[in-house]
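Asks: Predicted model, plus sequence, below.
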Amino acid sequence: MSPAALDALGLVASYAFVFGFIGMATFLMRRHILRASAARKVIHIGVAHWWLIALATMSDPWVASVGPASFIAINALALRFRLLPAMDEGADRRNLGTVYFPISLLVLVNLCWRGVMPPWVGGIAVLVLGWGDGLAALVGEGNGAPGVRIWGGRKSAAGTLLMFSASFAVTLIFTLIFNGRYGALLPAIGVSTVIATAATFVELFTPLGIDNLTVPLAVAALYAGVFV
């Protein structure tokens, strides 16, 4: 298959994947299997894996930018007019996290596909946000602990621990697979500990969905600047 055809296939697969996750979460919410807040985080975790589709299929940075750029507009309209209830129902209108997420993707796509950093580093950043922040919010809301308020957001010890653990696991897997410089187990554990600590700290002190910008961009900058 030619690069252009593979790019086109990746673009079609991207929209099918993202809207498929939104549709699944909406169905589960309407059937009262998921709360609205849990549905948002299922989408958050699932959509982060779009990066793997882009990594496998897309070579043109303009094509790779189409999906994130379009979802900045789609998510802003959906938030304004409550068009996607699984993403927006019950959400704080001050929280623009669903808009910040594709902005992060767009920035990272252009950094990675234009040679500033390896695309797999962007994968670490996006999946740290997806799994770490997503699971932290799910567990923090579901464990019944009161948590503490930090800059307008409630943080729990369980959620913070899970943010660290998920960030560590994502970074370790990618480092072992892709990073020849730190690809042995002990160096990879050291790298993963540094990245997970930084990601957890940034998430802990970033309010109102802005962590969808700060976490992936901080992780990408730290990893690419120090460990590549």
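Replies: Alright, I've got the coordinates. For clarity, every value in this text was computed on a predicted model and none was experimentally measured.

Asks: all contacts plus neighbour counts: C-alpha atoms, from now on.
Replies: Fine.

Asks: Tell me where the protein has strands.
Replies: Along the chain, the segments classed as strands by DSSP state E run 148-150, 153-155.

Asks: Which one of those has the poorest average confidence?
Replies: Lowest mean pLDDT within the strands of the chain: strand 148-150, a mean of 55.

Asks: and L52, what pLDDT?
Replies: Note on L52: pLDDT of 97.

Asks: With G115 instead?
Replies: At G115, the predicted lDDT confidence score is 97.

Asks: what about it, how many neighbours?
Replies: 10 (other C-alpha atoms under 10 Å).

Asks: try A76
Replies: 17.

Asks: Equivalent analysis for V226, please.
Replies: Number of residues near V226 (other C-alpha under 10 Å) recorded here: 9.

Asks: Give me the helix or strand of the protein that scores worst on average pLDDT.
Replies: The weakest-scoring helix or strand in the chain, judged by mean pLDDT, DSSP states H and E, is strand 148-150 (a mean of 55).

Asks: Okay, now the unreliable bits of the chain?
Replies: 88-94, 140-154 (pLDDT under 70).

Asks: Now do the helices in it.
Replies: Along the chain, the stretches classed as helices by DSSP state H are 3-30, 36-48, 50-57, 61-81, 85-88, 97-113, 119-127, 134-142, 157-178, 185-204, 211-226.

Asks: so of those helices, which one's packed in deepest?
Replies: Sort the helices of the chain by mean neighbour count, taking mean count of other C-alpha atoms under 10 Å, and helix 119-127 sits at the top with a mean of 26.

Asks: Show me how far that helix is from its chain's centre.
Replies: Between the centre of helix 119-127 and the centre of its chain there are 9 Å (C-alpha atoms, centre = their mean, to the nearest Å).

Asks: what helices or strands is that helix leaning on?
Replies: On a contact count with 3 or more C-alpha pairs under 8 Å, 6 or more residues apart in numbering; DSSP states H and E, helix 119-127 meets helix 36-48, helix 50-57, helix 97-113, helix 157-178, helix 211-226.

Asks: please redo it, this time with the cut-off set to 7 Å
Replies: With contacts defined as 3 or more C-alpha pairs under 7 Å, 6 or more residues apart in numbering; DSSP states H and E, the packing partners of helix 119-127 are helix 97-113, helix 157-178, helix 211-226.

Asks: what's the angle from that helix to helix 97-113?
Replies: 170 degrees (axes from the mean of the first three to the mean of the last three C-alpha atoms, to 10 degrees).

Asks: pull the CA atoms of stretch 106-123 into PDB?
Replies: Provided in PDB are the C-alpha atoms of stretch 106-123 (Å, rounded to 0.1, in the frame of the first residue of the first chain):
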ATOM      1  CA  LEU A 106      -2.100  18.500  17.600                       C
ATOM      2  CA  VAL A 107       1.000  20.000  19.200                       C
ATOM      3  CA  LEU A 108       2.600  16.600  19.800                       C
ATOM      4  CA  VAL A 109       1.700  15.400  16.300                       C
ATOM      5  CA  ASN A 110       3.600  18.300  14.800                       C
ATOM      6  CA  LEU A 111       6.600  18.000  17.100                       C
ATOM      7  CA  CYS A 112       6.800  14.200  16.400                       C
ATOM      8  CA  TRP A 113       6.000  14.000  12.700                       C
ATOM      9  CA  ARG A 114       8.200  17.000  11.900                       C
ATOM     10  CA  GLY A 115      11.300  15.500  13.600                       C
ATOM     11  CA  VAL A 116      11.500  17.400  16.800                       C
ATOM     12  CA  MET A 117      11.200  14.300  18.800                       C
ATOM     13  CA  PRO A 118      10.500  10.600  18.100                       C
ATOM     14  CA  PRO A 119       6.800   9.700  17.600                       C
ATOM     15  CA  TRP A 120       7.100   7.000  20.300                       C
ATOM     16  CA  VAL A 121       7.900   9.800  22.800                       C
ATOM     17  CA  GLY A 122       4.600  11.400  21.900                       C
ATOM     18  CA  GLY A 123       3.000   8.000  22.500                       C
END
